[in-house]
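> take this sequence and fold it.
(chains A and B)
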Protein chains: 2
Amino acid sequence: MDTIKAYVQEHKERFINELIELLKIPSVSADTAYSQDVIDTSEAVKASLEKAGCDFVEICDTPGYPIVYGEKIIDPNLPTVLVYGHYDVQPPDPIELWTSPPFEPVIKKTEIHPEGAIFARGACDDKGQMYMHVKALEYMVQSNTLPCNVKFMIEGEEEVGSKSLGWFVERNQEKLKNDVILISDTGMISNQQPSITTGLRGLSYVEVEVTGPNRDLHSGLYGGAVANPINVLAKMIASLHDENNHITIPGFYDNVEELSLEERAEMAKAPFSLEKYKKALDLNDVYGEKGYVTNERNSIRPTLDVNGIWGGYTGEGAKTVIASKAFAKISMRLVPNQDWEHITELFTKHFTSIAPAGVTVKVNPHHGGQGYVTPIDSIGYKAANMAYTETFGVPAIPVRSGGSIPIVALFEKELKSKTILMGFGLDSDAIHSPNEHFGIFNYLKGIETIPLFYKYFVELSK
Amino acid sequence: MDTIKAYVQEHKERFINELIELLKIPSVSADTAYSQDVIDTSEAVKASLEKAGCDFVEICDTPGYPIVYGEKIIDPNLPTVLVYGHYDVQPPDPIELWTSPPFEPVIKKTEIHPEGAIFARGACDDKGQMYMHVKALEYMVQSNTLPCNVKFMIEGEEEVGSKSLGWFVERNQEKLKNDVILISDTGMISNQQPSITTGLRGLSYVEVEVTGPNRDLHSGLYGGAVANPINVLAKMIASLHDENNHITIPGFYDNVEELSLEERAEMAKAPFSLEKYKKALDLNDVYGEKGYVTNERNSIRPTLDVNGIWGGYTGEGAKTVIASKAFAKISMRLVPNQDWEHITELFTKHFTSIAPAGVTVKVNPHHGGQGYVTPIDSIGYKAANMAYTETFGVPAIPVRSGGSIPIVALFEKELKSKTILMGFGLDSDAIHSPNEHFGIFNYLKGIETIPLFYKYFVELSK
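Residues are numbered from 1 along each chain as shown, chains lettered A, B, ... in the order given. Here you go, the predicted structure:
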């Protein structure tokens, strides 16, 4: 397959420029101010799939943002690969920490990316990784090497919990029928060491609201005499972890699978330097659940994190006020067997039960998804590993990730097929953070590697 | 003194309209965006003092916002009253909770104010109460009844800690020389029951910053493995009170004066309905330090309240982020004998000492001031009580207030004179809150009562 290398070399400027155009559209699904941009992005994705060689592309309406569906069926008797990705992006906040505007992509060189990386919101998560699949299809169609059927399902609500995807998948099981689902929305260990994500954590995301007095009060006249919603919220949040950083919600750990010492020993073999990890984040120490090491804390263990908190006066200077309300956004990462809806119920019940007299508490569930573990003896996993081995020169390592792609469990349930998570991003790409970027090396390597997955998947399926 | 009643009746429309014009200028000292408005307000105050009959008025430059000084010296051998007030106002946030714009004053009737109240930021605190003194002077000059000398010192930084006032007072002791200081920046029990504030709490106001990783992180990939600054901040704040709502900072209570049971029994005689208090604030219960009742918790006991908190994603929808930083504004109300600078040091030392590994903590002191108790056997107190008794028909009750006017202790130290706090506002006036207002009754009653203070103070001084 030297031809794919040559094809990428010949067209790489265009590949980069096309992605940059896509990144300019601020498709922030969490904020309704961007709703037209999200719609515009779905149109751009549709056009790109048509140009790449799909025979049929449509924008499918849903109760939320549309899903772009495309397909190229070359022979109903051949296997079918379903590519999933998302065209929406995280909000860019805090925008003042970006060194260049989040929706004006620029290429900058970094220590890890000496060949340059594209800096923009969505560069890696997931526009860049999704677009690798579009360009891989273009190559296979142009070179007449597409060995099987391919379907694309690109959604616009992944960053807000894929609310409409379940609705869509349930209603389109025949259309979406496939032999394997291929997703690039994860990372790999390094540019020298590819890896395949075999486990994902589930997610329960809630927003809580604590209300004290019916209006903001002067802290001098009322301070000490009424419950201060911010102090109370802090106390309630603090009580959610005990002194060992275990989560205190009753029943929270009931279904958590405890890994054997052998399995944990196996995990510990993955290359990891605690010193480098701390240095990269400027931390004097790591922190987490007692009895587990860093790579376990962020993969096989469930967690509870406050993702945002606000209340009272947050402007310049001082205001001596007792706020009427305080708020927090809280997410729990879950491991396989923890049902996210059950966990959301447990959280809600517990959090409202610990509210002291003098305040009222509301819990609004945002969204969630189940955790997932994929076997490494499937044809799909083997094909992905062969593809990586060929382009990187070393086999991929299977890893459990702390992140969540809740729809993987949904696909297994509704479409009865396994998902292969071929990620090409790096942990340092700052997804969900200011200055998100995606290495040019990674982008082009992805385009090179994907056609090999198709080739080996079809060969192994025979 | 029927003539003052007649004068107020004749000119009340103009008195109200002049105050409304002053309230239209958004003199928010905490926010530099309003700095020109603050300056403009000092000019308006200068003009009003000249118009009222001061012989000499000047705008005095300071390291911060200017102080307006005015005087009318009728005879150096007569006593001198120094009137203090402030022309700056609190920020109007949260602005969406105002039923009319904070800087577009309107008169609305309320249950407590059947004659109407002026709704605007600063209506009561302190433009309205300060302006009563300007109009009282106007009356005394017009009617040729001013019985002594008067000086005005109106500052523009009270809501941000009166930073320049100490600087100014130290440098102008001769100019500010007086026999009594008169301030209307407090409240009274009700429109039927006047009261004089005899005690004020001190204040220490700080801003804290907790930093974890050097950038915002994806909570899936890092959640559970690094200290989350918001969770840590919540835990640190929660630990500042124990299960009895005592403050846990070592040394915090060392100098707190414990009142005798007799004194507490005396305090308990002030009219107070817990049911009405809870109902007015829509609370199912009050909350506070064990062993004390509501009217003690907010007056004779020191407190610690979070006035604002922020960190992470606070926009619409969900963002699965671990913030790099979390912040809070924290104020402590102090009782007499607690030195605010010492308490600020104790807080800083304690708060940084409880930071867990994995985060760094900064404490930035904002400002502070000492608590104060004034004796009720002074000539000034007696004169004020006689004035209230004449206009309200009942004597005033002495009360300890939970609020802070840190400059009262400063005046005693630098100018060696006692301060009389003749407040005409009500607790329900929503100062520092949305929909701040000041009753027309209270405004006009203040203008009527103040000249009587002058009269009796001069009589008692003979």
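> A:Met153 belongs to a helix?
No: going by DSSP: H, G, I helix; E, B strand; the rest coil, the assignment for A:Met153 is strand, not a helix.
> what's the first helix or strand after the helix-or-strand element of chain A with minimal mean pLDDT?
Least confident helix or strand, chain A: strand A:372-373 with a mean of 80, by mean pLDDT, DSSP states H and E. Using DSSP states H and E, the helix or strand that follows strand A:372-373 towards the C-terminus is helix A:379-392.
> hmm, who's touching that following helix?
A:1, A:180, A:182, A:192-194, A:196, A:198, A:374-375, A:394-396, A:398, A:418-420, A:422, A:445, A:448-450, A:452-453, A:455-457, A:459-461 (Cβ atoms under 8 Å, 6 or more residues apart in numbering or on different chains). Where you see a C-beta, it was placed from the backbone N, CA and C, and this is true even at glycine.
> for that helix, which positions count as buried?
The neighbour-count check on helix A:379-392 (16 or more other Cβ atoms under 10 Å in any protein chain shown) flags A:Ile379, A:Gly380, A:Tyr381, A:Ala383, A:Ala384, A:Asn385, A:Met386, A:Ala387, A:Tyr388, A:Thr389, A:Thr391, A:Phe392 as buried.
> could I get the CA-only coordinates of it as CSV?
Written as CSV, here are the backbone C-alpha positions of helix A:379-392 (Å, rounded to 0.1, in the frame of the first residue of the first chain):
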residue,chain,number,x,y,z
ILE,A,379,-11.6,-9.6,14.0
GLY,A,380,-12.1,-5.9,14.2
TYR,A,381,-9.5,-5.5,17.0
LYS,A,382,-7.0,-7.7,15.1
ALA,A,383,-7.5,-5.8,11.9
ALA,A,384,-6.9,-2.5,13.7
ASN,A,385,-3.8,-3.9,15.3
MET,A,386,-2.4,-5.1,12.0
ALA,A,387,-3.1,-1.7,10.4
TYR,A,388,-1.3,0.2,13.2
THR,A,389,1.6,-2.3,13.1
GLU,A,390,2.1,-1.7,9.4
THR,A,391,2.1,2.1,9.6
PHE,A,392,3.8,2.6,13.0
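> which sections of chain A are below the confidence cut-off?
A:1-2 (pLDDT under 70).
> and the helices in it?
A:2-23, A:35-52, A:127-142, A:165-171, A:219-222, A:229-238, A:261-267, A:274-280, A:294-297, A:340-353, A:379-392, A:407-415, A:440-461 (DSSP state H).
> rewinding a little: could you dump the buried residues of helix A:379-392 into a markdown table and include distance to B:Thr99?
Compiled in a markdown table, the buried residues of helix A:379-392 are given as follows (distance: Cβ to Cβ, whole Å):
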| residue | distance to B:Thr99 |
| --- | --- |
| A:Ile379 | 66 |
| A:Gly380 | 61 |
| A:Tyr381 | 62 |
| A:Ala383 | 65 |
| A:Ala384 | 61 |
| A:Asn385 | 65 |
| A:Met386 | 68 |
| A:Ala387 | 64 |
| A:Tyr388 | 63 |
| A:Thr389 | 68 |
| A:Thr391 | 65 |
| A:Phe392 | 64 |
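> does chain B have contacts with stretch A:22-36?
Yes: counting by Cβ under 8 Å from any Cβ of the partner chain, contacts between stretch A:22-36 and chain B involve A:Ser29, A:Ala30, A:Asp31, A:Thr32.
> for that stretch, which outside residues touch it?
Residues contacting stretch A:22-36 (Cβ under 8 Å, 6+ apart): A:37-38, A:40-41, A:44-45, A:48, A:65, A:87-92, A:102-105, A:118, A:120-123, A:127-128, A:131, A:156-160, B:315-319.
> and the residue of the stretch 351-462 of chain A closest to chain B?
As assessed by Cβ to the nearest Cβ, chain B sits closest to A:Gly403 within the stretch 351-462 of chain A, at 3.1 Å.
> wait, that residue touches A:Leu200, no?
Yes: between A:Gly403 and A:Leu200 there is a contact at 6.3 Å, judged by Cβ atoms under 8 Å.
> for the residue of chain A positioned farthest from its centre, what are its contacts?
The C-alpha centroid of chain A is most remote from A:Leu221, which lies 47.1 Å away (Cα atoms, centre = their mean). A:Leu221 makes contact with B:Gly187, B:Asn298, B:Ser401, B:Gly402, B:Gly403, B:Asp427 under the criterion Cβ under 8 Å, 6+ apart.
> same for chain A: which of these are within range?
Answer for the contacts of A:Leu221 near chain A (Cβ under 8 Å from any Cβ): B:Gly187, B:Asn298, B:Ser401, B:Gly402, B:Gly403, B:Asp427.
> apart from its chain neighbours, what residue comes closest to the fourth one?
In this case it means B:Gly402. B:Asn298 (3.8 Å; Cβ to Cβ, 6 or more residues apart in numbering or on different chains).
> near that neighbour, how many other residues are there?
The local packing of B:Asn298 (other Cβ atoms under 10 Å in any protein chain shown) involves 26 other residues.
> one more: the one 5 residues further on?
Using other Cβ under 10 Å, the number of residues around B:Thr303 comes to 26.
> which non-adjacent residue is nearest it?
Closest residue in space to B:Thr303, ignoring its immediate chain neighbours: A:Gly224 at 3.3 Å, by Cβ to Cβ, 6+ apart.
> what is the burial count for that neighbour?
By the criterion of other Cβ under 10 Å, A:Gly224 has 29 neighbours.
> and for the one 5 residues further on?
One way to gauge burial is a neighbour count; for A:Pro229, by other Cβ under 10 Å, it gives 27.
> repeat that for the one 5 residues further on.
For A:Ala234, the neighbour count with other Cβ under 10 Å is 30.
> biggest separation within the contacts of A:Leu221, which pair?
Farthest apart among the contacts of A:Leu221 by Cβ to Cβ are B:Gly187 and B:Asn298. That separation is 12.4 Å.
> surely A:Ile112 touches A:Phe438?
No: A:Ile112 is beyond contact range of A:Phe438, at 11.5 Å (criterion: Cβ under 8 Å).
> the two - which one has more neighbours?
A:Phe438 (32 against 16).
> burial count for the residue of the stretch 1-150 of chain A found nearest chain B?
Nearest residue of the stretch 1-150 of chain A to chain B: A:Ala30, at 3.1 Å (Cβ to the nearest Cβ). Neighbouring residues of A:Ala30 were enumerated by other Cβ under 10 Å; the total is 22.
> and the closest residue to A:Ile154 other than its chain neighbours, how many neighbours?
Nearest residue to A:Ile154, sequence neighbours excluded (Cβ to Cβ, 6+ apart): A:Val68, at 4.4 Å. Neighbours of A:Val68 under the rule other Cβ under 10 Å: 25.
> go on, the one 5 residues further on?
Number of residues near A:Ile73 (other Cβ under 10 Å) recorded here: 14.
> what do you get for the one 3 residues further on?
Other residues within reach of A:Pro76 by the criterion other Cβ under 10 Å amount to 7.
> returning to that earlier point: among the contacts of stretch A:22-36, which ones are buried?
Counted by 16+ other Cβ under 10 Å, those give A:37-38, A:41, A:44-45, A:48, A:65, A:87-92, A:102-103, A:105, A:118, A:120-123, A:127-128, A:131, A:156-160, B:317-319 as buried.
> of those, which belong to strands?
A:Ile118 (DSSP state E).
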